[in-house]
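K.L.:
Predicted model follows, preceded by the sequence.
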Amino acid sequence: MANPAATALMGLDGEVALDGTDIARLTQWSLTATANISEWGDSDSQGYTNRKAARHDGSGSIEGKLDSAAEAYDVVVSTPSVLVEPEQKLYIDKSDALYWQFPCVVYSNFNLTVNTDSKEVLGWSADYGASGPFYRPGTSAP
């Protein structure tokens, strides 16, 4: 009997690349792809609701552990003089080139957690949003 879970994808090979550089010590990434829906009723809808997809958006977060040799804040934190708007690839499986492509993203915040009590490895997270179009796996920018 064939393994029913054989084709399930795992997070083992997930990566994030910003402007072609992999984020060091990444622990997870998330993406929410949405479409605003315009809803209305009119004289032709016979008492039913009409819907049409409107503006599309993609946003999410990345998380990792701080690495002194490749500090994440050097890549995702913007300052008034340096606005970070990198190209981003969210890899599901880098070996199969299975990824979401964002020609431009804007990072809105960077969170760093320092726990002096437990002395655990420093964790960080950052939130992003697509600026313009983005492409799901199997499609690409024109």
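P.N.:
In hand now; what should we look at? Residues are numbered from 1 along each chain as shown.
K.L.:
my read: Ser30 touches Trp100, true?
P.N.:
No: shown here, Ser30 and Trp100 do not form a contact pair, counting by C-beta atoms under 8 Å, at 11.1 Å. Heads up, the C-betas are built off the backbone N, CA and C, glycines and all.
K.L.:
So these two - more neighbours on which side?
P.N.:
Trp100 (21 against 13; other C-beta atoms under 10 Å).
K.L.:
So for the helix or strand where that one lies, what gets flagged as buried?
P.N.:
Remark: Trp100 resides in strand 98-102, with elements defined by DSSP states H and E. By 16 or more other C-beta atoms under 10 Å, the buried positions in strand 98-102 come out as 99-102.
K.L.:
ditto for stretch 14-33
P.N.:
14, 16-18, 23, 25-26, 29, 31.
K.L.:
Tell me where this structure has strands.
P.N.:
For the chain, strands defined by DSSP state E occupy the ranges 15-18, 21-22, 26-40, 50-65, 88-93, 98-102, 105-113, 123-130.
K.L.:
Of those, which is nearest Ala5?
P.N.:
strand 88-93 (15.8 Å; C-beta to C-beta).
K.L.:
avg pLDDT for the closest one?
P.N.:
For strand 88-93, mean pLDDT is 93.
K.L.:
ok so, going back, from the buried residues of strand 98-102, which is closest to Ala72?
P.N.:
Among these, and counting by C-beta to C-beta, the member closest to Ala72 is Phe102, at 17.2 Å.
K.L.:
I figured the closest one was touching Gly58, is that so?
P.N.:
Yes: between Phe102 and Gly58 a contact is recorded at 6.8 Å, counting by C-beta under 8 Å.
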